[in-house]
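Student: Build me a model from this:
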Amino acid sequence: MKKYFIKAKKIYSLDTDNNTYSWLLVDDKKIRDLGNNPLPSESDIPLLDFSEYTVLPGFIDSHVHLTSTAINEISLDLSIFTSIKEIIKTLEALRDSLPEGEWIIAKEFDPENVEERRNIYIEELDHYFPKHPVLIVRKDAHSSIVNSLGSKLLGLEAKKEEILKEEEHKIAIGKVYQKIEPSLLVRGIIKTLKKAAEKGITTIHALEGGYTSPPNSPKILLGISQYFPIDVLIYYQTTSISKVKELNLKRIGGCLLVDGSISTLTAALSEPYVGTENYGVLYWDLDSLINFIKTAHKEDFQIAFHAVGDRGIELILRAYKKVLKEYPKEDHRHRIEHFELPTQEHIRLASELKLNLSLQPSFLYFWGGEGKLYEELLGKERAKKIIPLRSILKNKIIAGGGSDSSVTPINPLLGIYSALSHPNVEERVSLLEALRMFTYNSAYIGFLEKEKGSIEKNKDADLIVLEKDIFSIRAPEEILNISIIATISKGNFVYKKLTLSFDF
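Tutor: This is a model prediction of the structure:
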């Protein structure tokens, strides 16, 4: 049991009154006291002096595909390459280290990042890798590229199209992920959580199971959770009530897809994508959606669904409204993930139904703004309406902040910067609002607000120490350069800079 004082330049509680303090006391994993009065001059309780730094509640990422991100740690990350030529050469080196017939797995391929500005052709993969099956997962995590040998081994019809989408993509990654050695996966999970701690994260909402991860990933995570440096809250991405009950979980869903993604032109829209007659895809009909939600709701599960386009959002809202009208429950906290292109009426209805949202502001950093992907596929006017943060918060909706890792990096400061710098000036939020998205709000939408999300007496000692006072910045860009000095999870230092000399 560790007991110690922390003294800081300023401790921002982010509680409802936004109180600030100069010191706090940690004892038995909890915050036991806070104050601004002078600390006792004589005490045998250790004092950690962070007088040069500021302290915030630990960050919470409300939407992470943990095992999918962990697979990045044991596969080739293509996000660092700037050309397809470089990618092919690196894949060749990997090929030469593997026996014939073994899968080559690469992730995070984004055609926007390579100088050729195109996908990798199947013909290229067939030419360079005739005896190795190849799976390349694209950045959006909703599509992939598989060579002909890979398609044959997966039982898919050999294709000449550039990418696999929808069911074929799910089949491809589902089967390949099952082939990953469990010990390698565990190593990747621990490494991912340690990297999250370096970014100031003390809790993540892990969306597991389904097509984005090995099918048994919830069970794996529960089995090794005692080794985690930070807390992991599991959402089981399945429609099987019995599977969730078997693991004694109270949350079902996450990226249960109502529709797809904008980058693959599968998010369901009321108007077609620019230059096409494509309106996207709905994966559920209304009756099936209502029946599933009704069953899960009556079992007292918290439910989460992925909905991106306005037609997808319309469908999930209609289903939630029908069930909640028939079976009202005051504090259900059912969720919608992403909620990227809602109408103002959708926002009003989500508020009325007391739905919670998990939003990914960093999508705006990568794909929002002039000439970027949202504008290219949706046109200028619709692109302005993407992730309308100000409209959502103005309607009293509790929205947590997430990364959707591995789609964008686990980095709350990037998400906070992106929320402050929304390409549509009218949809920008304040720094305090952005910080609360990645602290209190993300705790609340996981039923954790009594334990986490703000610095208050008897809450978990989940804290981060920042090099600079984030409230003193003059321009949002400065946020990206703020260093995390230390991360504390339940009183334990899970990350600290080497320059810190104390032994904790």
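Student: This protein - how does it break down into domains?
Tutor: 3-58+458-496, 75-177, 242-435 (automatic domain parsing).
Student: Determine how far the last residue of the second one lies from the first.
Tutor: In other words, domain 75-177. End-to-end distance for domain 75-177: 11 Å, by Cα to Cα, to the nearest Å.
Student: Out of the domains of the chain, which gets the lowest mean score?
Tutor: Lowest mean pLDDT within the domains of the chain: domain 75-177, at a mean of 88.
Student: quick one: that domain to chain centroid distance?
Tutor: 23 Å (Cα atoms, centre = their mean, to the nearest Å).
Student: Repeat that for stretch 43-52.
Tutor: On Cα atoms, centre = their mean, the centre of stretch 43-52 falls 35 Å from the chain's centre.
Student: Can you point out the buried residues in that stretch?
Tutor: Buried residues in stretch 43-52, defined by neighbour count with 16 or more other Cβ atoms under 10 Å: Leu48, Phe50. (Glycine included, C-beta is placed from N, CA and C.)
Student: Any idea how many residues pack against the residue lying closest to Arg138 once chain neighbours are set aside?
Tutor: Closest residue to Arg138 apart from its sequence neighbours, by Cβ to Cβ, 6 or more residues apart in numbering: Phe109 at 5.1 Å. Counted with other Cβ atoms under 10 Å, the neighbours of Phe109 add up to 25.
Student: Equivalent analysis for the one 10 residues further on, please.
Tutor: For Asn119, the neighbour count with other Cβ under 10 Å is 19.
Student: list the contacts for the nearest residue to it once chain neighbours are set aside?
Tutor: The shortest distance from Asn119 to any non-neighbouring residue, by Cβ to Cβ, 6+ apart, is to Glu162 (4.2 Å). For Glu162, the contact set (Cβ atoms under 8 Å, 6 or more residues apart in numbering) comprises Arg118, Asn119, Ile120, Tyr121, Ile122, Ile145.
Student: separation between Glu162 and Gln302?
Tutor: 38 Å (Cβ to Cβ, to the nearest Å).
Student: ok, the residue nearest to Asn119 to Tyr121 distance?
Tutor: As judged by Cβ to Cβ, Glu162 and Tyr121 stand 7 Å apart.
Student: Please spell out the ChimeraX selection for the buried subset of the contacts of Glu162.
Tutor: In ChimeraX, a selection of the buried entries from the contacts of Glu162 looks like this (16+ other Cβ under 10 Å):
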select :119,120,122,145
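Student: can you put the contacts of Glu162 in a markdown table and add secondary structure and distance to Arg318?
Tutor: Listed next are these as a markdown table, based on DSSP: H, G, I helix; E, B strand; the rest coil; distance: Cβ to Cβ, whole Å:
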| residue | secondary structure | distance to Arg318 |
| --- | --- | --- |
| Arg118 | coil | 38 |
| Asn119 | coil | 35 |
| Ile120 | coil | 39 |
| Tyr121 | coil | 41 |
| Ile122 | helix | 39 |
| Ile145 | strand | 35 |
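Student: Greatest separation within the contacts of Glu162: which pair is it?
Tutor: The span of those, defined through Cβ to Cβ, is set by Arg118 and Ile122 at 12.5 Å.
Student: Assumed Ala206 was part of a helix.
Tutor: No - applying DSSP: H, G, I helix; E, B strand; the rest coil, one finds Ala206 to be strand, outside a helix.
Student: Return the set of residues that bridge with it.
Tutor: Val64, Ile234 (DSSP bridges).
Student: which residues in the stretch 251-400 of the chain form helices?
Tutor: 286-298, 310-326, 344-352, 362-367, 373-378, 380-384, 389-394 (DSSP state H, counting those that start in this stretch).
Student: wait, which of those is closest to Phe228?
Tutor: Comparing the helices of the stretch 251-400 of the chain by Cβ to Cβ, helix 362-367 comes nearest, at 23.5 Å.
Student: ok so, going back, would you mind putting the contacts of Glu162 into CSV with distance to Pro423 alongside?
Tutor: Shown next, in CSV, are those (distance: Cβ to Cβ, whole Å):
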residue, distance to Pro423
Arg118, 25
Asn119, 26
Ile120, 29
Tyr121, 32
Ile122, 35
Ile145, 29
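Student: Between the contacts of Glu162, which sits nearest Leu184?
Tutor: Closest to Leu184, out of all of the contacts of Glu162 and judged by Cβ to Cβ, is Ile145, at 22.4 Å.
Student: Find the nearest non-adjacent residue to that closest one, please.
Tutor: Using Cβ to Cβ, 6+ apart, the closest residue to Ile145 is Ile136 (4.3 Å).
Student: Am I right that that neighbour is in a helix?
Tutor: No - Ile136 is assigned strand when assessed by three-state DSSP, not a helix.
Student: circling back to that earlier point, packed most tightly, which of the domains of the chain would that be?
Tutor: domain 242-435 (a mean of 20; mean count of other Cβ atoms under 10 Å).
Student: Any idea how far that one is from the middle of the chain?
Tutor: That offset, for domain 242-435, works out to 12 Å (Cα atoms, centre = their mean).
Student: Also stretch 68-83?
Tutor: Relative to the centre of its chain, stretch 68-83 is centred 16 Å away, using Cα atoms, centre = their mean.
Student: Just confirm the residue nearest to Arg138 contacts Ile136, I think it does.
Tutor: Yes - Phe109 is in contact with Ile136 according to Cβ atoms under 8 Å; the separation is 5.2 Å.
Student: thinking Gly254 is in contact with Gln302, fair?
Tutor: No - at 10.5 Å, Gly254 and Gln302 do not qualify as touching, with contact defined as Cβ under 8 Å.
Student: so where do the strands sit in the stretch 201-350 of the chain?
Tutor: Here the stretch 201-350 of the chain has its strands, by DSSP state E, counting those that start in this stretch, at 201-208, 231-236, 251-257, 302-307, 335-338.
Student: quick one, the third one and strand 231-236 angle?
Tutor: Translated: strand 251-257. 70 degrees (axes from the mean of the first three to the mean of the last three Cα atoms, to 10 degrees).
Student: Can I get strand 251-257 in CSV, CA atoms only?
Tutor: This file holds the C-alpha atoms of strand 251-257, laid out as CSV (Å, rounded to 0.1, in the frame of the first residue of the first chain):
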residue,chain,number,x,y,z
ARG,A,251,-21.9,-4.4,-22.1
ILE,A,252,-22.8,-5.7,-25.5
GLY,A,253,-21.7,-4.1,-28.9
GLY,A,254,-19.3,-1.4,-29.8
CYS,A,255,-18.7,-1.6,-33.5
LEU,A,256,-21.8,-3.6,-34.2
LEU,A,257,-22.2,-2.1,-37.6
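Student: got the contact list for that strand?
Tutor: 63, 65, 205, 207-208, 210, 212, 233-239, 241, 244, 283, 296, 301-306, 335, 337, 446.
Student: same check, this time on the fourth one
Tutor: With contact meaning Cβ under 8 Å, 6+ apart, strand 302-307 is reached by 207, 235, 250-259, 293, 296-297, 313, 315-316, 332-339, 358, 447.
Student: make it 6 Å
Tutor: For strand 302-307, the external contacting residues (Cβ atoms under 6 Å, 6 or more residues apart in numbering) are 235, 251-258, 296, 313, 316, 333-338.
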